[in-house]
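Chemist: Kindly generate the corresponding structure for this input.
(chains A and B)
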Amino acid sequence: MTKQLAATQEAPTSVTPDTDLAPGVSPNALPKGLFELMIGVSAEGMLAVDDGGRILFANAAAADLLGRDVDALMGAEFGLPMAAEEHVDVELLHPKRGAPGAELRVAMSPEGIHVVMLRDVSQWMRLRNELQRLALVDSLTGVANRRAFLALGEQALRLAGREDRPCMLVFVDIDQMKAINDRYGHRTGDNAVIKTATMLTDTVRDSDIVARIGGDEFCVLLTGTSGRPDSLDDAMDRIRQAADQLSRSAEFPLSVTFGAARFDHEGNQTIHDLMDAADAEMYAAKRRKQRRMRMLFMGESQARDAVRQAIEQAGSDDVPLIDVDTIEDILRVTKTEDRDVLVVQEGVTDVSTLMATLRGLSATNMLPVLSIQIESDPVAEERALNLGVNDVVDRGMPPAVILARIRRTLDTPAR
Amino acid sequence: MNDEEQGLRLTLYVAGQNPRAERAITKLRHSLGQRLGLQAQVTTIDVLDRPDLAEEALILATPTLIKESPDPVRRMMGDLSDTDRVIEGLRLDLTDTSNPQVSVADD
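Modeler: Numbers count the residues shown, from 1 in each chain, chains lettered A, B, ... in the order given. The predicted structure is shown next:
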């Protein structure tokens, strides 16, 4: 307090606050030194600066904001204060607190002394920055949100265009999100989203952008090395491997589908164009996945030809036929997004037990198991198979293991 | 080395990214070149990266712009977007063509 009062005594008398007085009160009626006291105790930092930018006076609050003694500030170079607008954002160099933000306002006395007012707004700025951050970050995963992706992505594309860097947008969609939520609950659903976000951020470079742009959708903007378009393929391979690894290690069925679109430097593409292109690729990949169906045969495979014909009649070409011996084999080759038809020869294994086992295993308990009873009549067999296959292919049933139960060995292929 | 050989040297002190101040300096350089034929050499120092340099120059707040040469050394801080006021504050008088500082880097 002593120091601050001593400082105020040195204050130029011309620094007179532009204050409205109460009606009928003459300035002369106010006690001498009142304004100096008010400036001395003000929480707002106040400096008087001459035309050369030198400090003539500082109050205690200004000294506190600048982290220096009032005495040390006297005569120090502040610089000619410039505030064209109402106030200007500046940073104060505090020896201990870094560079906290402050508002600077400047008034000019008739004698040409600059009156500088400094208000500490560092806490408010922290809050503002935090709000900005929250507005741009997805709260569940901590990656960028859609709005941030559009803004950052647009910037990144412009930069890539200027620097002639290859760029690729990858659309990532979690498979069967609804089924995960329905069967395992929303907590697991959230977990699937978080795991996918972590997998992506762990795999790409810091300079790449990962964003959650919808419930189960992510976008990644990969930037490659100039003159090396294959650098993007390497990055994409790494993501695919990481996704496979995630799929294997998750305690619930978790897989993703990708769609990628390369940035055409000549094409004037916006981030929206690129997202649309990658999204379309992703949907095409998803459709391909859903159409993929394999025939798994357990036991003697005399039924193969009959089944193959049934599949062909159902409109599916190129159906791989795979022999499996054990449940472990089935689990190894069957993924949640696959639509496999499991044909079990009667007598090979107890079909009811097999079904119960498949349904009870966590890896397959998402898979609706459809059992088809096939009687001895070849025609009935064909119809029954068609019925089952059609359910999957035409009616868009969820991923399924279709358990075709062959009652007796077929001597001739069905016609 | 005298001031004439050194030319117009400016140092901008900022704390982190300050696009506003950097835009103001770009505008200032342009103006100095167009209107006064002055080529300013500008060094930008991030005080968060180089607190030692800020301490050495006794910088109290950012953004601060210092005209290092020619004399007189001048410093300004705050809103640097008003180019005319900055030129005036740096004592690079626009109207006085006999001003030795104007002829300094006029090459």
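
Chemist: Could I get the contacting residues of residue A:229?
Modeler: Neighbouring residues of residue A:229 by CB atoms under 8 Å, 6 or more residues apart in numbering or on different chains: A:166, A:262. From N, CA and C alone the C-beta is placed, and that goes for glycine too.

Chemist: what does chain B put close to chain A?
Modeler: Neighbours of chain A within chain B, by CB under 8 Å from any CB of the partner chain: B:15-16, B:47-48, B:54, B:58-66, B:74-82, B:85-86, B:89.

Chemist: Mind checking which of those residues land in strands?
Modeler: Applying DSSP state E to the residues of chain B next to chain A, the entries found in strands are B:61-62, B:64-66, B:74-78.

Chemist: Buried ones among the residues of chain B next to chain A?
Modeler: B:15, B:47-48, B:54, B:59-66, B:74-82, B:86, B:89 (16 or more other CB atoms under 10 Å in any protein chain shown).

Chemist: Can I get the ones in strands among the residues of chain B next to chain A in CSV including pLDDT?
Modeler: CSV is the format used below for these (pLDDT from 0 to 100):
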residue, pLDDT
B:61, 92
B:62, 92
B:64, 94
B:65, 93
B:66, 94
B:74, 92
B:75, 94
B:76, 93
B:77, 92
B:78, 91
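
Chemist: Show me which of those residues is closest to residue A:245.
Modeler: If you rank those by distance to residue A:245 using CB to CB, residue B:62 comes first, at 47.0 Å.

Chemist: That closest one bridge partners, please.
Modeler: residue A:91 (DSSP bridges).

Chemist: I'd like to know which helix or strand in the chain has the lowest mean pLDDT.
Modeler: Went with chain A since none was named. Using mean pLDDT, DSSP states H and E, helix A:2-9 stands out as the lowest-scoring helix or strand of chain A, at a mean of 37.

Chemist: Ok, chain B next?
Modeler: Lowest on mean pLDDT, DSSP H and E among the helices and strands of chain B sits helix B:100-104, with a mean of 43.

Chemist: what residue ranges in chain B score low on pLDDT?
Modeler: Applying pLDDT under 70 to chain B flags the ranges B:1-6, B:93-107.

Chemist: can you pull out the helices in it?
Modeler: Ranges of helices in chain B, per DSSP state H, are B:3-6, B:19-36, B:51-56, B:83-89, B:100-104.

Chemist: mind putting the ones you listed in a markdown table, distance to residue A:143 included?
Modeler: Output for the helices of chain B, formatted as a markdown table (distance: least, CB to CB, whole Å):
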| stretch | distance to residue A:143 |
| --- | --- |
| helix B:3-6 | 50 |
| helix B:19-36 | 25 |
| helix B:51-56 | 33 |
| helix B:83-89 | 41 |
| helix B:100-104 | 53 |
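
Chemist: Show me the one of those helices that comes nearest residue A:179.
Modeler: Per CB to CB, nearest to residue A:179 of the helices of chain B: helix B:19-36, 47.4 Å.

Chemist: Can you give me the pLDDT of the closest residue to residue A:323 other than its chain neighbours?
Modeler: Once flanking residues are discounted, residue A:323 sits nearest to residue A:297: 5.2 Å by CB to CB, 6 or more residues apart in numbering or on different chains. Here the pLDDT value assigned to residue A:297 is 74.

Chemist: related to what we said a few turns ago, check which element follows the least confident helix or strand of chain A along the chain.
Modeler: helix A:34-41 (DSSP states H and E).

Chemist: Check which helices and strands the helix or strand that comes right after that next one is in contact with.
Modeler: Next helix or strand after helix A:34-41 toward the C-terminus (DSSP H and E): strand A:45-49. With contacts taken as 3 or more CB pairs under 8 Å, 6 or more residues apart in numbering or on different chains; DSSP states H and E, strand A:45-49 sits against strand A:55-58, helix A:60-66, strand A:114-120.

Chemist: Convert the C-alpha atoms of strand A:45-49 to PDB, please.
Modeler: Provided in PDB are the C-alpha atoms of strand A:45-49 (Å, rounded to 0.1, in the frame of the first residue of the first chain):
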ATOM      1  CA  GLY A  45      -4.400  -1.800 -14.200                       C
ATOM      2  CA  MET A  46      -3.600   1.900 -15.000                       C
ATOM      3  CA  LEU A  47      -0.500   3.400 -16.600                       C
ATOM      4  CA  ALA A  48       0.300   6.800 -17.800                       C
ATOM      5  CA  VAL A  49       2.600   6.600 -20.800                       C
END
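
Chemist: Would you give the sheet partners of it, along with the direction of each?
Modeler: Strand A:45-49 pairs in its sheet with strand A:55-58 (antiparallel), strand A:114-120 (antiparallel), by DSSP bridges.

Chemist: Pick the most buried one from these.
Modeler: Ranked by mean neighbour count, the strands paired with strand A:45-49 are led by strand A:55-58 with a mean of 24 (mean count of other CB atoms under 10 Å in any protein chain shown).

Chemist: Mind exporting the C-alpha coordinates of that one to PDB?
Modeler: C-alpha atoms of strand A:55-58 as PDB (Å, rounded to 0.1, in the frame of the first residue of the first chain):
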ATOM      1  CA  ILE A  55       5.800   4.700 -18.300                       C
ATOM      2  CA  LEU A  56       5.300   7.800 -16.100                       C
ATOM      3  CA  PHE A  57       2.900   6.200 -13.600                       C
ATOM      4  CA  ALA A  58       1.600   2.800 -12.800                       C
END
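
Chemist: Kindly report the residues of the stretch 101-250 of chain A close to chain B.
Modeler: Applying CB under 8 Å from any CB, we find that the stretch 101-250 of chain A lies next to chain B at A:102, A:104, A:106, A:118.

Chemist: make it 10 Å
Modeler: Listed as neighbours of chain B in the stretch 101-250 of chain A under the rule CB under 10 Å from any CB of the partner chain: A:101-102, A:104-106, A:116, A:118.

Chemist: Just send the residues you listed back as a markdown table, with pLDDT and secondary structure too.
Modeler: Below are these laid out as a markdown table (pLDDT from 0 to 100; DSSP: H, G, I helix; E, B strand; the rest coil):
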| residue | pLDDT | secondary structure |
| --- | --- | --- |
| A:101 | 85 | strand |
| A:102 | 87 | strand |
| A:104 | 91 | strand |
| A:105 | 90 | strand |
| A:106 | 92 | strand |
| A:116 | 94 | strand |
| A:118 | 92 | strand |
